[in-house]
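J.: Dropping a prediction and its sequence here:
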There are 2 protein chains.
Amino acid sequence: MSVDLPVLELTPKTKRPAGEPCCEPVVYPDVQRDHAIRMAEVAKALGDPIRLQLVDVLRKHAGKVCVCELVPLFDIAQPTLSHHLKKLREAGIVASERQGLWAYYYVIPDALKELSAWLS
Amino acid sequence: MSVDLPVLELTPKTKRPAGEPCCEPVVYPDVQRDHAIRMAEVAKALGDPIRLQLVDVLRKHAGKVCVCELVPLFDIAQPTLSHHLKKLREAGIVASERQGLWAYYYVIPDALKELSAWLS
DNA sequence: CTTGTAGATTGATGAGCGTCGATTTGCCTG
DNA sequence: CAGGCAAATCGACGCTCATCAATCTACAAG
């Protein structure tokens, strides 16, 4: 998990037959280590079909959505949905707000911005 | 893992106190099940810092990049890098081409398109 | 044919994930 | 206070993951 970048050597260390370079020297990653870790964290959270659809619902719906509305949308048990929402919360993609018995979830503005910008 | 969508009921099944709706009926996910699965597959592959940086290098570098140029960029063993490249291949993000001893990798055009479009 | 090298594969290990049933927590209402 | 409900947490299950050392597979050069 140690991605110590900026240690690029444009002339690779591995020996190779003289006069036969396998390819042009490569560009080293522009994305800094921290950004890569952050974006990978978001991508990982989106790496489950249910969580991706959860984010999709929350994004399409302006405002906050009650969990009790989300449960019947998916064919999974309530604790499993709660687990997925927790993952999205831990990834900083969504946030929640309690009001009495119900919990309301919403997508944090610009949470997907960095990854989106890198992808396009 | 069964996300049988289009079975949305706009009037949720769960009982609730009459006259006290917890929220407006929610929109059901626009993304079809297949698209969600496909995009989650791509997102999952990008959900590792090293793989994300690998894709970043390959994207920034026009043309194909030799594996021997990639190895010294990251602080991981060669089999581990090979493993990550395989994951990216299986996710349909990159492809490879062998020429003699060397293997060249490149990002498949438009492989990230769907996810990118959904994110923005 | 033998040696050396690039890259992929295998096997093992320890950690994490998705799922569920059961339980707990917190709040509202009689 | 007692009962009920929404949502979160717990505990357990089987499975996948990232990682490495060791091995294997092609291929090139002497």
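T.: Received it, and whenever you're ready, just let me know what you need.

J.: What parts of chain A come near DNA strand D?
T.: A:1, A:17, A:20, A:66-68, A:71, A:78-79, A:82-83, A:85-86, A:96, A:101-103 (Cβ under 7 Å from any atom of the strand). C-betas here are computed from N, CA, C, even on glycine.

J.: ok, for the spatially most central residue of chain A, nearest residue in space, not its chain neighbours?
T.: Nearest to the geometric centre of chain A sits A:Val42, at 1.5 Å (Cα atoms, centre = their mean). Ranked by Cβ to Cβ, 6 or more residues apart in numbering or on different chains and with sequence neighbours excluded, the top spatial neighbour of A:Val42 is A:Leu115, at 5.0 Å.

J.: Low-confidence stretches in chain A?
T.: Low-confidence segments of chain A (pLDDT under 70): A:1-31.

J.: for it, what spans make up the helices?
T.: Applying DSSP state H to chain A gives helices spanning A:33-45, A:49-60, A:67-70, A:78-90, A:113-119.

J.: Go through the ones you listed and pick out the most buried.
T.: Most buried of these, by mean neighbour count (mean count of other Cβ atoms under 10 Å in any protein chain shown): helix A:49-60, with a mean of 23.

J.: now for that one, which elements pack on it?
T.: Secondary structure elements in contact with helix A:49-60, counted by 3 or more Cβ pairs under 8 Å, 6 or more residues apart in numbering or on different chains; DSSP states H and E, are helix A:78-90, strand A:94-99, strand A:102-107, helix B:33-45.

J.: let's see 6 Å
T.: Other elements packing on helix A:49-60 under the criterion 3 or more Cβ pairs under 6 Å, 6 or more residues apart in numbering or on different chains; DSSP states H and E are helix A:78-90, strand A:102-107, helix B:33-45.

J.: Now distance to A:Arg38 too, for these, in TSV please.
T.: Below are those laid out as TSV (distance: least, Cβ to Cβ, whole Å):
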stretch	distance to A:Arg38
helix A:78-90	13
strand A:102-107	17
helix B:33-45	14
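
J.: nearest to A:Ile50, of these?
T.: helix A:78-90 (5.6 Å; Cβ to Cβ).
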